[in-house]
Every structure is written in C-alpha cells, then in structure tokens.
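J.: turn this into a structure:
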Amino acid sequence: MIEVADLHKRYAQAKQEAVAGVSFEVAEGEVFGLLGPNGAGKTTTIGTMTTRVRPTSGRVVVDGIDVVADPVAAKLRIAVVPQRPNLDRSLNALENLTFHAAYFGFGRRERNRRAREMLERFGLEGRGDDRVDNYSGGMAQRLIIARALMHDPRVLFLDEPTTGLDPQSRLFLWDQMEALKARGVTLLLTTHDMAEADRLCDRIAIVDHGKVIASDTPRGLRKLLPGAEGLELTLAADADPVDALRTLGGEVESEAAGEGTWKLRAYGEIAPGAAIGAAEAAGARVLDLRRIEGTLEDVFVHMTGRDLR
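T.: The predicted model follows:
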C-alpha cells in the first residue's frame, strides 16, 4: 500500500539532509509505526507521503499512485490526523465534518448521512450542533479522526494521535484504530508512547538522523537488546541450583528469594521446557517461570542514545 524508495530531502541552506535515503514498504491493512527522536526526519518523511513536502529525490507510491507525479489522486486515497488540533472553531462539529466531505465531492444528503454516522461512531451523538470550542481535548481528537475518515481513505496517517488524552479517550482511540485495521485500512502511526507502538503496530521502523536504523516487528526489535532476552525462574531447592541452569549455556544469575527458594535469571535463547527439565533434574521444584524481554523503550534508547535533541 505504501512504498518509500531511497527518499531524500534537503532543505535550502541546511547543512544536512532532513531525510537521507529512507526506504520501507507498508502492506495493505498493516499498522506501521514510524518512531524516532525529535528532528530525526519523521515529519519530513510523512510530509512527502502526504504531498505536503516535495522530496529532493526518491520515490513515494501510495496505493499505486506516485505522490509527486499525481498529488491530487494521492490525496483522494489518504487522510491525516495531525499532531496539533486544526478544527475550524468558527463551525460546529457537524459542519466540520460536512465541509470536509464537500471538498471530496460528496452531495449534501450523503455528507450529512456520513457526518451523523461518524458522530455516533465516535461517541459524539447529540453533540453535532456544539461549537468545537466547547469540546474537551478527547472529544476534539475524536472529531478530528472522524473528519479524516469522512471520505473513506485507504491510508490513514496518525501523528501522535493520543498525546495529552486521558486513559479512557486513549483506550477508545486504540480500539478505533484496531477496528480500522480489521476493515483493511492501512495505518501509519508516529508516537513517542512506546507502549502504544508496542500494542498497535505490526511492524516498526526507527528513524534517526534521516535514516532508518532498524525495522522489524516489536518483538523482533526487542531482540536487538544485548542480553535482554531469557527466562526468570523461581525454584524451591535445598541449595542454590544455579549450576543446573548453567548447563544450558548463556549467563545465569541467582539470588535467594526466601527460605528454601531461589530466583534465577538465565539469559539467551533458552526453551522453557529445557530450563524446567534442568531444574527438576537437579532436585529443584519450579514455582514460577516467566520470560524476560526488554521493552520497546529500551530498544529505542539503545538505538538512538540518551542525549537530548
């Protein structure tokens, strides 16, 4: 659905390229995360995909349309949920939706039908005549997403859509994104909320200094952390059973967890069954076992560093 090939963008008088050879593909119906520190090149990359920024070189194709060669056709297939609210505050909620649909050529009856359907879908039924100045932050964000969907886009770009929302509003929008994916809509998400990216994204690209420095599933990215994968076992044993797990290879840490109990962490690709078998062969009884994995935030900091941008 989206193909970005060797994308470059250098702004006038800039010392470095804002985007320096970014390439990735997004499948139809996929939720794809584009993560990176401030100034990494995410905004410019999205700007090229949404026709707002003309690339210096490279190619961007959305739903089979070259966005540079035919930006009008591309805009019919996409919608954007911006980071900053951009509702027309001189209009009420219903008018914000119907005016958007009018831009895409929908007749009055159809755009009013769609608008009322969207208000109901996003929990705003009965609030269509309200001025958006009277909307809470969560309501305004729901209205922005409803507006973006008025013309049935094939691809939805979401730029930090849940920033500043309360937990209920955030969970509601997560549910809506998952419902859109189930309908076959392709989503491209930027966010600084690593838990959000981990939950929603099928694949993620991490961008820094204008380049893609890592791309994989969330779990695949976590495997990039050195020594962050393994098993943690709580065992009942008369003596420290650490040597039993060392036979499996890899680094093993042990500590007393109470009288006759021990907590062991075995790092590396160790099968749970093998760990249980080794512990029981040494006379220990397994009380608990869980998998150790680093977080997506750990990966992000590991790949991009801790320096402020």
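J.: mind giving me the domain split of the protein?
T.: Domain ranges of the chain: 2-222, 230-292, per automatic domain parsing.
J.: which phi and psi does the residue of the chain most remote from its centre have?
T.: Distance from the C-alpha centroid of the chain peaks at D238, with 46.7 Å (Cα atoms, centre = their mean). Here is the backbone geometry of D238 (degrees, to the nearest 10): phi -70, psi -30.
J.: same check on V132?
T.: phi -70, psi -20.
J.: confidence score at the residue nearest to D193 when sequence neighbours are not counted?
T.: Ranked by Cβ to Cβ, 6 or more residues apart in numbering and with sequence neighbours excluded, the top spatial neighbour of D193 is T162, at 6.6 Å. Where C-beta positions appear, they are placed from N, C-alpha and C, glycine not excepted. Looking at T162, its pLDDT is 91.
J.: T162 and T191 touch, don't they?
T.: Yes. T162 is within contact range of T191, at 7.3 Å (criterion: Cβ atoms under 8 Å).
J.: which of the three states applies to S23?
T.: strand (DSSP: H, G, I helix; E, B strand; the rest coil).
J.: how much space between it and V4?
T.: 6 Å (Cβ to Cβ, to the nearest Å).
J.: neighbour count: the two, which is higher?
T.: V4 (24 against 15; other Cβ atoms under 10 Å).
J.: that one contacts T45, correct?
T.: Yes. With contacts counted by Cβ under 8 Å, V4 reaches T45, the gap being 7.2 Å.
J.: which residues are in contact with both of those two?
T.: V22 (Cβ atoms under 8 Å, 6 or more residues apart in numbering).
J.: low-confidence stretches in the protein?
T.: By pLDDT under 70, the weakly predicted segments of the chain are 227-228.
J.: quick one: contacts for the residue nearest in space to the middle of it?
T.: Centroid-nearest residue in the chain, with Cα atoms, centre = their mean: A197, separated by 3.2 Å. Contact partners of A197, counting by Cβ under 8 Å, 6+ apart, are G33, L35, L189, T191, I204, P218, L296.
J.: nearest to T304 among those?
T.: L35 (8.9 Å; Cβ to Cβ).
J.: wait, that closest one sits on E196?
T.: No. Using Cβ under 8 Å, L35 is not in contact with E196, being 10.3 Å away.
J.: between the two ends of stretch 179-194, what distance do you get?
T.: From its first residue to its last, stretch 179-194 covers 20 Å (Cα to Cα, to the nearest Å).
J.: so for the residue farthest from the centre of the chain, what's the nearest residue that isn't a sequence neighbour?
T.: Distances taken as Cβ to Cβ, 6+ apart put G260 closest to D238, at 6.9 Å, once the chain neighbours are dropped.
J.: now for the one you found: which residues touch it?
T.: Counting by Cβ under 8 Å, 6+ apart, G260 makes contact with A236, A237, D238.
J.: adding distance to D307, write those out as TSV.
T.: Compiled in TSV, the contacts of G260 are given as follows (distance: Cβ to Cβ, whole Å):
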residue	distance to D307
A236	46
A237	45
D238	49
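J.: in strands, which of the contacts of A197 fall?
T.: The strands, defined by DSSP state E, take in G33, L35, L189, I204 from those.
J.: coming back round to it: look up how far A140 lies from the residue farthest from the centre of the chain.
T.: 63 Å.
J.: with A266 instead?
T.: 49 Å.
J.: ok, the two, which is more surrounded?
T.: A266 (24 against 18).
J.: following element in sequence after the host helix or strand of the more buried one, please.
T.: Here A266 sits within strand 261-267, counting by DSSP states H and E. The first helix or strand that comes after strand 261-267 along the chain, using DSSP H and E, is helix 272-281.
J.: doesn't A79 belong to a helix?
T.: No. Under three-state DSSP, A79 falls outside any helix and is assigned strand.
J.: wait, isn't it in contact with L156?
T.: Yes. Counting by Cβ under 8 Å, A79 does reach L156; the two are 5.2 Å apart.
J.: now for these two: what residues contact both?
T.: In contact with both A79 and L156: A148, L149, using Cβ under 8 Å, 6+ apart.
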